[in-house]
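> make a model of this:
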Amino acid sequence: MKTLTVISPVFNEEQVIEAFYTELKTVLASLSNYDAAMLFVVDRCSDRTLDILEQIANVDPRVKVLSLSSRFGHQMSLLAGIDHADSDALIMMDSDLQHPPSLIPTMLGKFEEGYDVLSERIASRSTS
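Okay, here's the model as predicted:
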């Protein structure tokens, strides 16, 4: 079985982090060919995001939380996550639900086809 780590940089996401976790957990549970883990990289939040994630990690062994000592920014949070992950496949996904976890099986399908790097982008945004 292959391993997968979903790396999510987090900054002041207390309003959506539980919903993101729930959606991500559901998608990862549907993967039969991967032993999947979640790595949340907390970029020195000023809200309760870290507390919420630590509570989740205490009950879900697939969840790891990396808390940065200072505010380093999105890209450095991703790099820290990459440095701490040891999996066959890594998926970097923002935790604000703008990147839907439902895309993970499609990305893994491309990975299985031999693609090394995939990038998803939003094709259009409604401006209503």
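> touching, Ala37 and Asp60? I think so.
No. With contacts counted by Cβ atoms under 8 Å, Ala37 stays clear of Asp60, the gap being 9.8 Å. Placement of C-beta: from N, CA and C, glycine included.
> burial measure for the residue nearest to Glu18 when sequence neighbours are not counted, as a count.
Sequence neighbours aside, Ile52 is the residue nearest to Glu18 in space, at 6.3 Å (criterion: Cβ to Cβ, 6 or more residues apart in numbering). Using other Cβ atoms under 10 Å, the number of residues around Ile52 comes to 20.
> show me which residues of the longest helix along the chain are buried.
Ranked by residue count and defined by DSSP state H, the top helix of the chain is helix 17-29. Neighbour-count burial for helix 17-29, with 16 or more other Cβ atoms under 10 Å as criterion, is recorded at Ile17, Phe20, Tyr21, Leu24, Lys25, Val27, Leu28.
> and whichever strand or helix holds the residue nearest to Glu18, how far out from the chain's middle?
Here Ile52 sits within helix 49-59, counting by DSSP states H and E. Distance, stretch centre to chain centre, for helix 49-59: 14 Å (Cα atoms, centre = their mean, to the nearest Å).
> return that helix as CSV; C-alpha atoms alone will do.
What follows is helix 49-59, C-alpha atoms only, in CSV (Å, rounded to 0.1, in the frame of the first residue of the first chain):
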residue,chain,number,x,y,z
THR,A,49,-7.1,27.1,15.3
LEU,A,50,-4.2,25.4,17.0
ASP,A,51,-6.4,24.3,20.0
ILE,A,52,-9.0,22.8,17.6
LEU,A,53,-6.4,20.9,15.6
GLU,A,54,-4.7,19.6,18.7
GLN,A,55,-8.1,18.3,19.9
ILE,A,56,-8.7,16.6,16.6
ALA,A,57,-5.1,15.1,16.6
ASN,A,58,-5.8,13.6,20.1
VAL,A,59,-8.6,11.5,18.7
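> just the buried positions in stretch 54-61, please.
Ile56, Ala57.
> and stretch 72-92, by the same measure?
Buried-residue list, stretch 72-92, by 16+ other Cβ under 10 Å: Phe72, Ser77, Leu78, Ala80, Gly81, Ala85, Ser87, Ala89, Leu90, Ile91, Met92.
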